[in-house]
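Enquirer: using only what follows, build the 3D model:
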Amino acid sequence: MERKDFIKKGLMGTGMFIASTSLANVIKNDISELKELEILGFNHIPNTNSTTTVNTVLHKSDTRGDANHGWLHSRHTFSFANYYNPERMHFGVLRVLNDDTVASGMGFSTHPHDNMEIISIPLEGDLEHKDSMDNVTVIKNGDIQVMSAGTGIKHSEFNKNKDKQVKFLQIWVFPNKKNVTPRYDQISLNEKDRHNKLQQILSPTPNDAGVWIHQNAWFHLGKFDKGIATEYSFKGKGNGLYVFNLNGDLKVNDQLLNSRDGFGIWDTNKVSIKADTDSEFLLMEIPMTV
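Expert: Here you go, the predicted structure:
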């Protein structure tokens, strides 16, 4: 598939809307939020070039797309909704990495998804989920939820609390198998299992640690004290690794990451990781080809 076809398929097939290359037309999605998302133009911020080498890419926190709708403040690492940057369409099969804050009592009303693996990782507060299979669940800090949208599903997400905000990561991964039966998986994680070590929270295998998805991917969380170091060895041949640094200062190989920076690396078998300060981070090992 040529790049232009992949970009068109990736954007138009996931229910987003973007400005066209002429900047004149807006293609609106089928997603219905509790409040209409205002049209902000071609970009929320001017496009910024990614810092790249032969096998790495660096996305600094302040270069992400910034969408503040009042009830929802979302930072987009990759193109999403109004934010369109042709240099930031995806990293391998990692299509969306949104850093969302939802105001108290607000959220996303019922909207559809299909053929996408969607992972939600709450960082603060409680997020209530309802879907067309009559599931009603609440995910909170310390939980992880995955949805295999498959043949199609509708769901809603909103802040259950009236007195505090919700912060969560919304991650979309292209699946390696289409039109599967929709499913959910949700577990509570033990935070002690990531203190100064890597805690696996997602894999391609149902009986492995964490939740599972239809993709040759592994996610890990780490919460390291200052000075703690480790190595991460890749599990899948030809995979890449995207590191999202949640808090603190973290060094991946020779690259220093500050809070909310993202760093992708490929064409290697392992990376070194060291906490320059107390740090929390998410590792996402994913295939580099769709």
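
Enquirer: can you tell me the closest non-neighbouring residue to Asp114?
Expert: Nearest non-adjacent residue to Asp114, counting by C-beta to C-beta, 6 or more residues apart in numbering: Gly152, 4.2 Å away. Every C-beta, even on glycine, is put in place using the N, C-alpha and C of the backbone.

Enquirer: please enumerate the helices of this protein.
Expert: 3-12 (DSSP state H).

Enquirer: hmm, back to that, so the residue nearest to Asp114 touches Met116, yeah?
Expert: No - using C-beta atoms under 8 Å, Gly152 is not in contact with Met116; the gap is 10.4 Å.

Enquirer: what about those two, which has more around it?
Expert: Applying other C-beta atoms under 10 Å to Gly152 and Met116 shows that Met116 carries more neighbours, namely 21 against 12.

Enquirer: tell me, how many residues neighbour the closest residue to the more buried one other than its chain neighbours?
Expert: Distances taken as C-beta to C-beta, 6+ apart put Ala149 closest to Met116, at 4.8 Å, once the chain neighbours are dropped. Here the number of neighbours of Ala149 (other C-beta under 10 Å) works out to 21.

Enquirer: His195: how many residues sit nearby?
Expert: 13.

Enquirer: show the contacting residues for it.
Expert: Neighbouring residues of His195 by C-beta atoms under 8 Å, 6 or more residues apart in numbering: Lys223, Phe224, Asp225.

Enquirer: of those, buried ones?
Expert: By neighbour count, with 16 or more other C-beta atoms under 10 Å, the contacts of His195 hold Lys223, Phe224 as buried.

Enquirer: residues contacting the residue nearest to Asp114?
Expert: By C-beta under 8 Å, 6+ apart, the contact set of Gly152 is Pro112, His113, Asp114, Pro182.

Enquirer: next, count neighbours for the third one.
Expert: Translated: Asp114. Asp114, neighbours per other C-beta under 10 Å, totals 16.

Enquirer: doesn't Ser148 make contact with it?
Expert: No - using C-beta under 8 Å as the test, Asp114 is too far from Ser148 to be in contact (10.2 Å).

Enquirer: what about the closest residue to Asn115 other than its chain neighbours, how many neighbours?
Expert: In space, and not counting its chain neighbours, Asn115 is closest to Lys178: 5.0 Å by C-beta to C-beta, 6+ apart. Using other C-beta under 10 Å, Lys178 has 12 other residues around it.

Enquirer: list phi and psi for Lys178.
Expert: phi -100, psi 160 (degrees, to the nearest 10).

Enquirer: how close does it get to Trp212?
Expert: Using C-beta to C-beta, to the nearest Å, one gets 17 Å for the distance from Lys178 to Trp212.

Enquirer: likewise for Trp218?
Expert: Distance, Trp218 to Trp212, by C-beta to C-beta: 10 Å.

Enquirer: which one's more surrounded, the two?
Expert: Trp218 (26 against 19).

Enquirer: ok, the more buried one touching Leu202?
Expert: Yes - between Trp218 and Leu202 there is a contact at 6.5 Å, judged by C-beta under 8 Å.

Enquirer: tell me the buried residues in stretch 113-132?
Expert: For stretch 113-132, burial by neighbour count (16+ other C-beta under 10 Å) applies to 113-123, 125-131.

Enquirer: cool, and stretch 188-203?
Expert: Burial within stretch 188-203, assessed by neighbour count using 16+ other C-beta under 10 Å, is assigned to Leu189, Arg194, Leu198, Gln199, Gln200, Ile201, Leu202, Ser203.

Enquirer: of all the residues you listed, which two lie farthest apart?
Expert: Using C-beta to C-beta, the buried residues of stretch 188-203 span at most 15.3 Å, a distance reached by Arg194 and Ser203.

Enquirer: now Trp266. Nearest residue, chain neighbours left out?
Expert: Going by C-beta to C-beta, 6+ apart, Trp266 has Gly240 as its nearest residue, at 3.5 Å.
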